[in-house]
Structures are given as C-alpha cells and as structure tokens.
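A.B. asks: My questions concern the predicted model and sequence given below.
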Amino acid sequence: EAQVTQNPRYLITVTGKKLTVTCSQNMNHEYMSWYRQDPGLGLRQIYYSMNVEVTDKGDVPEGYKVSRKEKRNFPLILESPSPNQTSLYFCASKVEGWGSPLHFGNGTRLTVT
Amino acid sequence: EDKVVQSPLSLVVHEGDTVTLNCSYEVTNFRSLLWYKQEKKAPTFLFMLTSSGIEKKSGRLSSILDKKELFSILNITATQTGDSAIYLCAVAGTGNQFYFGTGTSLTVIP
C-alpha cells in the first residue's frame, strides 16, 4: 500500500531533550516536507526537500533540523525542544512537478513540558 | 506576504443542505490550488485546480477556481454526517512551497 509513515504517533517529552520524528514514504517521491498544525494558524511548512541531500527552509524552520540522506526518509529533529513546539506534526510527500498533490502521513502529536 | 484565507471558519448545517466553502489567496507565482478533507488524522486530497473556470467534480463535491479574482469555492450538495470534517485549502507557489489556510470546520447534524 502506498503510504507515508510517521513515528511515533504520540510523544510526550521534556524541555531540552533531543528527539527525532521519523518519516518514510514508499512511493519513490522526490519531494518531502514537514508541517506543523496549530489551532487558528493552520498548517505551516517547516522544511522541505526536493531530492536527496537537498533541503530548504519553509515558513517556520527555527528550532528544527532535517536531513535527506535517502530518498524514502526525511526525519525531523528537535535538538532542544521547547513548550512552544508542542503541536501536531505532519510529514508529506509528492512526485516532483506542479501537477501532483501532497500525500500526508497520519501525524505525530508532540507535547513538550 | 503570501497568504491563504478561508471562510467561514466554521459551519453547522443539517443533513441534506448544500454548503459553499471559500478560499481566497495572495501567493507569488501561483501554480495550483488544492482542497483537502481532514477528519481526525491526515488530510486527504480532494481536488487540484490549475485553470480558471473549469469545474472539478467528484460525487457530491465540486470545486472551481477564479484566477482573476484569486479565489476558489468548494461546494458540497446533499450533505451527510460523513462530510463533517475540516476542509483545508492550499496553494502551491514559488519553490515548491505550499501555503495553507486555517481551514473551515464543517459539522453536519442528522
């Protein structure tokens, strides 16, 4: 089944403790991206990647890192999480080019205390 | 600043009603406009629109884009309780960035 898989689905952590949220897609998509979704603010793009070893900042990249060492994986790293990073995170992927939609993972709900 | 604005923020209707959801945008180098439905998990794709005036239709849902006035509408006819969800509008612009609206929360009462 074609899908985008995120792990974990739920995560509760404390301020300053490094964490990684994994994202993997099995559709051979070139493009992958991370979003956070907050009430009243909608989905905001954190980082995106057009292909292996190519990453770019989205609208809200501060406090996050990403890497794209393999085409299928695009992990999101929070080196020192803070409470304002408590949010619902989505990974998405798509075929390169303007005519294709984003396919989303099921989300990771992160709480930083 | 690139932005996407959806209205209304929320809507409560009875089964069988017809609803119209609005999406206006100001995005540099517009490429496409997309509609998604989000229930309690991942947004699922509904439509992608790139050309003005061409209606896209899927069952009871339809959508159209006006690139001159910079807006799109999503219509749902004969609503059902299963249509209850948040409907998201997104615009693809320069450099493969996607800009999302805050969504319209639709509740359909039996």
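C.D. replies: Okay, I see it. This is a predicted model, so every value here is computed, not measured.

A.B. asks: Going by contacts, tell me the helices and strands next to the helix or strand bottoming out on mean pLDDT in chain B.
C.D. replies: Lowest mean confidence among the helices and strands of chain B (mean pLDDT, DSSP states H and E): strand B:98-100, at a mean of 91. Counting contacts by 3 or more C-beta pairs under 8 Å, 6 or more residues apart in numbering or on different chains; DSSP states H and E, strand B:98-100 packs against strand A:42-51, strand B:3-7, strand B:85-92. Any C-beta I mention is one placed from the backbone N, CA and C, and that applies to glycine too.

A.B. asks: Nearest to residue B:76 among the ones you listed would be which one?
C.D. replies: Across these, residue B:76 has its closest neighbour in strand B:85-92 (8.6 Å, C-beta to C-beta).

A.B. asks: The closest one pairs with which strands, parallel or anti?
C.D. replies: Partner strands and pairing direction for strand B:85-92 (DSSP bridges) are strand B:32-38 (antiparallel), strand B:98-100 (antiparallel), strand B:104-109 (antiparallel).

A.B. asks: so can I have a markdown table of the helices and strands packed on strand B:98-100 showing distance to residue A:13, mean pLDDT and mean neighbour count?
C.D. replies: Below are the helices and strands packed on strand B:98-100 laid out as a markdown table (distance: least, C-beta to C-beta, whole Å; pLDDT from 0 to 100; neighbours: other C-beta atoms under 10 Å in any protein chain shown):
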| stretch | distance to residue A:13 | mean pLDDT | mean neighbour count |
| --- | --- | --- | --- |
| strand A:42-51 | 17 | 93 | 21 |
| strand B:3-7 | 31 | 95 | 17 |
| strand B:85-92 | 27 | 95 | 24 |
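
A.B. asks: Could I get these in JSON lines, plus columns for distance to residue A:101?
C.D. replies: As requested, these are exported to JSON lines (distance: least, C-beta to C-beta, whole Å):
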{"stretch": "strand A:42-51", "distance to residue A:101": "14"}
{"stretch": "strand B:3-7", "distance to residue A:101": "15"}
{"stretch": "strand B:85-92", "distance to residue A:101": "9"}
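
A.B. asks: nearest to residue A:110, of those?
C.D. replies: Here strand A:42-51 is closest among the helices and strands packed on strand B:98-100 (C-beta to C-beta), at 12.1 Å.
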